[in-house]
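Visitor: Could you work out the structure for the sequence below:
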Amino acid sequence: MKRLNWGLIGGGRGSQIGSVHRIGAQADGNFALVAGALDHRPDEGRSYAIELGVDEERAYGTWQEMLGGERNRADRVDLVTVATPNSTHFEITKAFLEAGFHVLCEKPMTMTVEEGEEVVRVAERCGRTCAVNYCYSAYPMVREMRAMVRRGDLGAIRLVVANFSHGHHADGGDVGNPRVRWRYDPALAGASGQMADCGIHALHLANFVTDDDVETLSADFASCIPSRELEDEAMVCYRTAGGVVGRLWTSSVAVGRQHGLDIQVFGEGGGFRWASEQPNQVMWTPLGGRTQIMEKGEAGLSGEVVGLSRVAIAHPEGFPLAVANIYMDLAATIRGDTREALPTAVDGLRSMAAVHATVASAKMHGTWMDARPPMFR
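Guide: The predicted model follows:
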């Protein structure tokens, strides 16, 4: 099958996420990197794109140049990935959607709920796919948990406990580090720090696995390092549209925790647990039964999960290949085979609405807030 043309914006030399997107997009032969505007420094962006094999005429200095250069090409890119700072996501995503391109945007999709609603409307009006890189929902065993919930293996879901907590920003003397500082700067990160950076992944994961949406919430924020304008610690209680009780903790000052993303779901017929640091396994306990370890790649898993694993059972398969599963879903969608598990602009909007609800709640000492986007109320 012919490879689709792919363009990358951001993700330049030294970027934490750029190499992950390049691995993920090209892992299964679905996409070829043919265009890029990889750096806010035009010359550096062009140079690095050429190093990666992009033709000189399609190694752009800015995203605006890339939009103009690709718009009318017969061989223009089929998909554009936006991997730039948060504050630029809306403008770039909207511009490429309106020009008729499919887009994969890094999270958070936008800085505001109003921008998120606009992206949803633009994607619908233009008939283009706008996906959001909630890649943890694409791990094979996360998809298996969702399938189990949908089959009714757990019965009615009662409680979800999720967290995404690490200690890598716990050094108060590290406030000048640009890789850390921007995450707590409202001008670059938006209204929220840790919740928008990591908590948003835990919340989306909980909603994805339970096939439900957060409806109301109460939040408590703290800046454990006082010089930070935005929170580095948050606790959220919420209720879903389906009546599920939710608990979420996210922190960047939890010394000793490394990645720290995990989820537990408890139903009337059993419960399970998944952790990103052991992503090949789900711990499943049926009511009245023994705890079992379910392994990625073993017999008996759901059909949709089997195609997401690329290596044999017991071999590690992690983050870049979860991103590759997002690109696999995108390639199928662009070719006309819609994948309903693909996180879209609607997921990005719901997540941003929930983040802004946590900000408002924290400012009002935990007052319960409506977490739904206005267009879905």
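Visitor: All the strands of the protein, in order from the start?
Guide: All strands of the chain, identified by DSSP state E, fall at 4-10, 31-37, 79-83, 102-105, 130-132, 157-165, 214-222, 233-240, 245-251, 261-267, 270-275, 281-286, 292-295, 369-370.
Visitor: Pipe those into a markdown table and attach mean neighbour count, distance to residue 314 and mean pLDDT per row.
Guide: For glycine as for every other residue, the C-beta is placed from the backbone atoms N, C-alpha and C. Formatted as a markdown table, the strands of the chain follow (neighbours: other CB atoms under 10 Å; distance: least, CB to CB, whole Å; pLDDT from 0 to 100):
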| stretch | mean neighbour count | distance to residue 314 | mean pLDDT |
| --- | --- | --- | --- |
| strand 4-10 | 25 | 32 | 98 |
| strand 31-37 | 24 | 29 | 98 |
| strand 79-83 | 27 | 32 | 98 |
| strand 102-105 | 26 | 31 | 98 |
| strand 130-132 | 27 | 31 | 98 |
| strand 157-165 | 21 | 26 | 98 |
| strand 214-222 | 21 | 36 | 98 |
| strand 233-240 | 22 | 35 | 98 |
| strand 245-251 | 21 | 31 | 98 |
| strand 261-267 | 21 | 21 | 98 |
| strand 270-275 | 21 | 17 | 98 |
| strand 281-286 | 17 | 10 | 97 |
| strand 292-295 | 14 | 7 | 96 |
| strand 369-370 | 17 | 45 | 98 |
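Visitor: So which residue is smack in the middle of the chain?
Guide: residue 134 (2.0 Å; CA atoms, centre = their mean).
Visitor: Might one say that that residue is in contact with residue 206?
Guide: No - counting by CB atoms under 8 Å, residue 134 sits too far from residue 206 to count as a contact (11.3 Å).
Visitor: what's the neighbour count on the nearest residue to residue 30 once chain neighbours are set aside?
Guide: Spatial nearest neighbour of residue 30, excluding adjacent residues (CB to CB, 6 or more residues apart in numbering): residue 331 at 3.7 Å. Neighbour count of residue 331, defined by other CB atoms under 10 Å: 22.
Visitor: next one: residue 184
Guide: 23.
Visitor: Then the one 10 residues further on?
Guide: Neighbour count of residue 194, defined by other CB under 10 Å: 29.
Visitor: which ones are touching it?
Guide: Residue 194 makes contact with 183, 230-234, 250-252 under the criterion CB atoms under 8 Å, 6 or more residues apart in numbering.
Visitor: I'd like to know how far it sits from residue 256.
Guide: 17 Å (CB to CB, to the nearest Å).
Visitor: go on, residue 305?
Guide: For residue 305, the distance to residue 256 (CB to CB) stands at 32 Å.
Visitor: For the two, work out which one has more neighbours and name it.
Guide: Taking other CB under 10 Å, residue 305 and residue 256 do not tie; residue 305 has more neighbours (19 against 8).
Visitor: got a list of what the more buried one touches?
Guide: By CB under 8 Å, 6+ apart, the contact set of residue 305 is 140-141, 143-144, 147.
Visitor: Switch those over to CSV; also include neighbour count.
Guide: Conversion of the contacts of residue 305 to CSV gives the following (neighbours: other CB atoms under 10 Å):
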residue, neighbour count
140, 24
141, 23
143, 22
144, 24
147, 18
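Visitor: I'd say the residue nearest to residue 30 and residue 27 touch.
Guide: No - Residue 331 lies out of contact with residue 27 (CB under 8 Å); the separation is 10.8 Å.
Visitor: Distance check, the residue of the chain most remote from its centre against residue 158.
Guide: Going by CA atoms, centre = their mean, the residue of the chain most distant from its centre is residue 288, 35.2 Å out. Computed as CB to CB, the residue 288 to residue 158 distance reads 16 Å.
Visitor: Can you give the distance of stretch 346-355 from its chain's centre?
Guide: Here stretch 346-355 is found 11 Å from its chain centre; the criterion is CA atoms, centre = their mean, to the nearest Å.
Visitor: what does it contact?
Guide: With CB under 8 Å, 6+ apart as the test, stretch 346-355 has contacts from 105, 107-113, 115-117, 119-120, 130, 132, 134, 191-192, 195-196, 199-200, 203-204, 207-208, 213-214, 217, 238, 371-373, 375-376.
Visitor: The same query, at a cut-off of 7 Å, please.
Guide: The contact list for stretch 346-355, computed with CB atoms under 7 Å, 6 or more residues apart in numbering, reads 105, 107-110, 113, 116-117, 120, 132, 134, 192, 195-196, 200, 203-204, 213-214, 217, 371-373.
Visitor: Can you point out the buried residues in it?
Guide: 346-355 (16 or more other CB atoms under 10 Å).
Visitor: Report how many residues lie close to the nearest residue to the residue nearest to the centre of the chain once chain neighbours are set aside.
Guide: Using CB to CB, 6+ apart and skipping the chain neighbours, the partner closest in space to residue 134 is residue 343 (4.1 Å). Neighbour count of residue 343, defined by other CB under 10 Å: 25.
Visitor: Could you give the backbone dihedrals for residue 343?
Guide: Dihedral pair for residue 343: phi -70, psi 130, per degrees, to the nearest 10.
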